[in-house]
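Novice: Could you work out the structure for the sequence below:
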Amino acid sequence: MNKDELKSILDDVAQGKISAEDAAVKFKTEPFEDLGFAKVDHHRGVRQGAAEVIYGAGKTKEQILKIVLAMLEHGEKSVLITRMGKEAYEYVSKEVPIFYDELSKVGIAGEKLPNENKIGKIVIATGGTSDIPVAEEAALTAEFYGSNVFRLYDVGVSGVHRLINSMDELATAKVVVAVAGMEGALASVVGGMVDCPVIAVPTSVGYGANFGGLSALLSMLNSCASGVSVVNIDNGFGAGYLANMINKI
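Specialist: This next block holds a predicted model:
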């Protein structure tokens, strides 16, 4: 149950469409469900406006399916799964409808929001093609929650004219997600070109002295451009979630 559904039930009670007793039945489900290996937070949508997301890495395919089924049975129309392996996708797909993107390892079980219902504009830019898996995690997350996303890939600073050529798209964005590895300079460049918030995502792409994304993380944290915030290394989900929140304000 999310905040809109909660408000709708309360409105129905206020207008006499349903009784207080019937409303109580709808609220009767426990705040969480203990599956033994996981405690599924069914009331997160009420508290935060968005249901719990399943982090697939480290979970067995059986565990992922049981969590998905628990959430769908408690009224969620769709469930977002990140870092989902292909084996887990194939296992879950035998039981429930599911969209899966192998590049970003994102799965969406249940319904998928139609494009015509999405709002606003988030631009997601990458320094290089190798950053696309993280960028797609961000893009699919933002789209899952109802935001329009424009993808601007392979526009890193080694060929900055590629980025400049897309100024019209950047200028009309409500928020920009800049995804880059190596030295992570893309976030500072974008931050100096736009009047909206920039969410920087360092990736683990790079050679030895990149230290698995640490060099990009430190560069982004030390950005001289105003309005740049930074999420963790390879955290496309976190960037996409935050970008959606900003886009909907």
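
Novice: all contacts plus neighbour counts: C-alpha atoms, from now on.
Specialist: Fine.

Novice: Do I have it right that M182 meets A216?
Specialist: Yes. M182 is within contact range of A216, at 5.9 Å (criterion: C-alpha atoms under 8 Å).

Novice: Low-confidence stretches in this protein?
Specialist: For the chain, the stretches with pLDDT under 70 are 1-6, 24-30, 32-35, 43-46, 48.

Novice: where's the residue nearest the centre of it relative to F211, distance?
Specialist: Centroid check for the chain by C-alpha atoms, centre = their mean gives T141 as the closest residue, at 2.7 Å. Distance of T141 to F211, given as C-alpha to C-alpha, to the nearest Å: 27 Å.

Novice: do the same with G156
Specialist: As judged by C-alpha to C-alpha, G156 and F211 stand 19 Å apart.

Novice: These two: which is more packed in?
Specialist: G156 (24 against 14; other C-alpha atoms under 10 Å).

Novice: burial of the residue nearest to that one when sequence neighbours are not counted, as a residue count?
Specialist: Closest residue to G156 apart from its sequence neighbours, by C-alpha to C-alpha, 6 or more residues apart in numbering: G127 at 3.7 Å. As a burial measure, G127 scores 28 neighbours (other C-alpha under 10 Å).

Novice: for V40, same thing?
Specialist: Using other C-alpha under 10 Å, V40 has 20 other residues around it.

Novice: what's the burial count for D154?
Specialist: There are 20 residues near D154, going by other C-alpha under 10 Å.

Novice: Ramachandran angles for it?
Specialist: Dihedral angles of D154 (phi, psi; degrees, to the nearest 10) stand at phi 60, psi 60.

Novice: Would you mind finding the longest strand in the chain?
Specialist: In the chain, assigned by DSSP state E, the strand with the most residues is strand 119-126.

Novice: Next, the angle strand 119-126 makes with the helix or strand following that strand.
Specialist: Remark: after strand 119-126, the chain's next helix or strand is helix 132-144, criterion DSSP states H and E. With axes from the mean of the first three to the mean of the last three C-alpha atoms, to 10 degrees applied, the angle from helix 132-144 to strand 119-126 works out at 170 degrees.

Novice: which outside residues touch helix 132-144?
Specialist: 80, 82, 103-106, 112-113, 118, 124-126, 148-149, 151, 153, 179, 203, 234-241, 243-244 (C-alpha atoms under 8 Å, 6 or more residues apart in numbering).

Novice: and those residues, which are buried?
Specialist: Those of these that meet the buried threshold are 80, 82, 104-106, 112, 118, 124-126, 148-149, 151, 153, 179, 203, 234-241, 243-244, by 16 or more other C-alpha atoms under 10 Å.

Novice: Mind checking which of those residues are in helices?
Specialist: Mapping the buried ones among the contacts of helix 132-144 onto helices (DSSP state H) picks out G236, F237, G238, A239, G240, Y241, A243, N244.
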